[in-house]
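S.K.: next come a sequence and a model predicted from it.
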Amino acid sequence: MKRPISALLTAALVGGLALVGTAAPAVADESASQSITASDCLTLDVALAGYATDPGADAVIERELDEPAIAEVSHTDYQYELMYLGFIPSGDYRWTHKWVGNSDFYDWATYRYTGNTKTHVVVEGKDAVYRDNVVTPERPANDAPNTVTVAIDGEVVADAVAFGTEFSASYALPDKSAENTYTVTVTSFDGFGAGEFTGTVPACGVGDFHAEATLDVSVCGVASVALSNEELAAELVNGTYSAVVYADGEFVDALAVFEGDAVAKDYELDGGTAVEVRTGPAHGDVLLAEGTVVPCPVPTLAVTGDLVPGGAVTISGTGFAPETEFDLELRSVPAALGSVTSDADGAFSVEATLPTDVELGEHTIAALSGGETVAEKLLAIAAAVDPAGPGEGTDGEGIEGTAGEGTEGTETDGVLAPAGTDGSDADESDEAADVAKTADAKRLASTGVEPTGLLLAALALFLLAGAAIGGVRLVRARG
């Protein structure tokens, strides 16, 4: 039967319980100290000292009786030899469980003690059986049983770092221009020196500013300003300075630049504008950068070819945005003429065909980007020239005049000759002028040249011709 025996009782009985390998606990060090300081506005210094380490401990084992001891039960047996006639050895023996003397008369015979004995075990003895129960397991020694966690402005910079009797580390503060808060949390093996320690580190003092600026005017119509205020001294915060942008001497903008800032801003200005960047009046009014805005080229269209319905034309462009796609359109009734992409210089040239049903007269060809008109070209579309070219004329029908019968018309090169007259030179001249305008317009349509000057010259010639024809008819009528 298994039964537990208390430690004291077992010890009293010499064997019931043994405390194996017990060790004295680590001595608590009540001198633990913390030094959390900022030697400057840039660094937090954490120093911990006097903390205890864990020496470890052996296991504590309780011995429990599993089977009790059994005592041996025995006695001594004695050997006797049968003697014939009371004195002659027979070689026959017997054992007695007790001493009966040197001779024994047993079963009508005489026996003599031989001097031999033996132990007769009635109950065999057994030792007690125990088993060991671990009350406290072994604890190995630990040279760094303490931890420290450091957070600055709410951000953990050291997380449960283990240490022994002392700890020392420095941590950079994130913002020297503002107050920084810290929390240092310590756990200790023996409880001494543990706790949460909080505080603040003031911002650094303010020093000089470092004003620098660049002005980029390489892009047409744009002035790009870049400002900086690079750190001058680690333990001081650069002073904030203002930068003022002027265009042709007029105020445009004012910018504040803090330490470490990289301020950049673009200004769309007319070509030729003189730009200056200066520190503000409160910061010395010092010229930091200057330049002149580059003018942007003006998009221009040119159209050559047959300016007639269905005519083939070449549309060229210069001064456009480089490497950009443009849609081409004939107006006033919009008609798409295709698209074209400008080259690196903003130029293009493309072949197009005018609609066959376009109305005669003034029109506009436009270049569009994203649906917005970028450039336009005004042109005049005239009637197409007779593809047969010059040929024999047809006989004109005479028209009765007031002074006599009309005469037959004369042949001209591909142009209907004027008809007869009723004697009025003015009527003949007007008809000739109309014919001349039509012919001139047809001839000039393929060149894109404005026909106004040529038409005036042709009109004068036809007026003279009309007057001559009228005179001839008058002479013939009278004759």
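M.R.: Yep, it's here.

S.K.: please count neighbours and contacts with C-alpha atoms only from this point.
M.R.: OK.

S.K.: got any ranges where this structure has weak pLDDT?
M.R.: Counting by pLDDT under 70, the chain contains low-confidence residues at 1-30, 386-479.

S.K.: give me the neighbour count for Ile88.
M.R.: Neighbouring residues of Ile88 were enumerated by other C-alpha atoms under 10 Å; the total is 10.

S.K.: beta partners of it?
M.R.: Tyr84 (DSSP bridges).

S.K.: separation between it and Val100?
M.R.: Spatial separation of Ile88 from Val100 under the definition C-alpha to C-alpha, to the nearest Å is 20 Å.

S.K.: same question for Leu82.
M.R.: Leu82 is 14 Å from Val100, where distance means C-alpha to C-alpha.

S.K.: try Leu269
M.R.: Distance, Leu269 to Val100, using C-alpha to C-alpha: 145 Å.

S.K.: the more surrounded of those two?
M.R.: Leu269 (18 against 12).

S.K.: relative to its centre, which residue of this protein is most distant?
M.R.: Relative to the centre of the chain, and counting by C-alpha atoms, centre = their mean, the farthest-placed residue is Leu85 at 127.8 Å.

S.K.: ramachandran angles for that residue?
M.R.: Backbone torsions of Leu85, given as degrees, to the nearest 10, read phi 50, psi 20.

S.K.: just give me the residue right at the centre of this structure.
M.R.: The chain has Ala262 as the residue nearest its centroid, 19.0 Å off, counting by C-alpha atoms, centre = their mean.

S.K.: show the contacting residues for that one.
M.R.: 226-229 (C-alpha atoms under 8 Å, 6 or more residues apart in numbering).

S.K.: turn the residues you listed into a markdown table, including neighbour count and distance to Ala375.
M.R.: Supplementary listing: the contacts of Ala262 in a markdown table, determined by neighbours: other C-alpha atoms under 10 Å; distance: C-alpha to C-alpha, whole Å:
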| residue | neighbour count | distance to Ala375 |
| --- | --- | --- |
| Ala226 | 17 | 34 |
| Leu227 | 24 | 37 |
| Ser228 | 20 | 40 |
| Asn229 | 22 | 44 |
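
S.K.: what about Glu81, how many neighbours?
M.R.: Counted with other C-alpha under 10 Å, the neighbours of Glu81 add up to 20.

S.K.: where does it fall, secondary structure wise?
M.R.: Under DSSP states H and E, the secondary-structure element containing Glu81 is strand 73-84.

S.K.: can you list the neighbours in contact with that strand?
M.R.: Strand 73-84 has contacts (C-alpha under 8 Å, 6+ apart) with 89-99, 103-104, 109-125.

S.K.: for Thr214, give its distance to Val263.
M.R.: Using C-alpha to C-alpha, Thr214 is found at 11 Å from Val263.

S.K.: which residues are in contact with both of these two?
M.R.: Common neighbours of Thr214 and Val263 (criterion: C-alpha under 8 Å, 6+ apart): 226-227.

S.K.: related to what we said a few turns ago, quick one: buried residues of the strand holding Glu81?
M.R.: Of the residues in strand 73-84, those buried under the neighbour-count criterion (16 or more other C-alpha atoms under 10 Å) are 77-83.

S.K.: next: stretch 85-105.
M.R.: Applying a neighbour-count criterion of 16+ other C-alpha under 10 Å, the buried positions in stretch 85-105 are 95, 103-104.

S.K.: alpha carbons of that stretch, as PDB, please.
M.R.: C-alpha atoms of stretch 85-105 as PDB (Å, rounded to 0.1, in the frame of the first residue of the first chain):
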ATOM      1  CA  LEU A  85      25.100 -47.800  21.200                       C
ATOM      2  CA  GLY A  86      25.400 -44.300  22.400                       C
ATOM      3  CA  PHE A  87      28.900 -43.700  21.200                       C
ATOM      4  CA  ILE A  88      29.300 -45.100  17.600                       C
ATOM      5  CA  PRO A  89      28.800 -42.400  14.900                       C
ATOM      6  CA  SER A  90      26.200 -43.500  12.300                       C
ATOM      7  CA  GLY A  91      26.500 -40.700   9.700                       C
ATOM      8  CA  ASP A  92      22.800 -39.900  10.100                       C
ATOM      9  CA  TYR A  93      22.000 -36.300  11.100                       C
ATOM     10  CA  ARG A  94      19.100 -34.200  12.200                       C
ATOM     11  CA  TRP A  95      18.500 -30.500  12.800                       C
ATOM     12  CA  THR A  96      16.800 -29.000  15.800                       C
ATOM     13  CA  HIS A  97      15.200 -25.600  15.900                       C
ATOM     14  CA  LYS A  98      16.700 -24.900  19.300                       C
ATOM     15  CA  TRP A  99      19.700 -25.800  21.400                       C
ATOM     16  CA  VAL A 100      19.100 -28.900  23.500                       C
ATOM     17  CA  GLY A 101      22.600 -29.500  24.800                       C
ATOM     18  CA  ASN A 102      25.600 -31.600  23.600                       C
ATOM     19  CA  SER A 103      23.500 -34.700  23.400                       C
ATOM     20  CA  ASP A 104      19.900 -35.300  22.700                       C
ATOM     21  CA  PHE A 105      17.800 -38.400  23.300                       C
END
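
S.K.: and Ala247, bridged to which residues?
M.R.: The residues listed as beta-bridge partners of Ala247 by DSSP bridges are Glu250, Val275.
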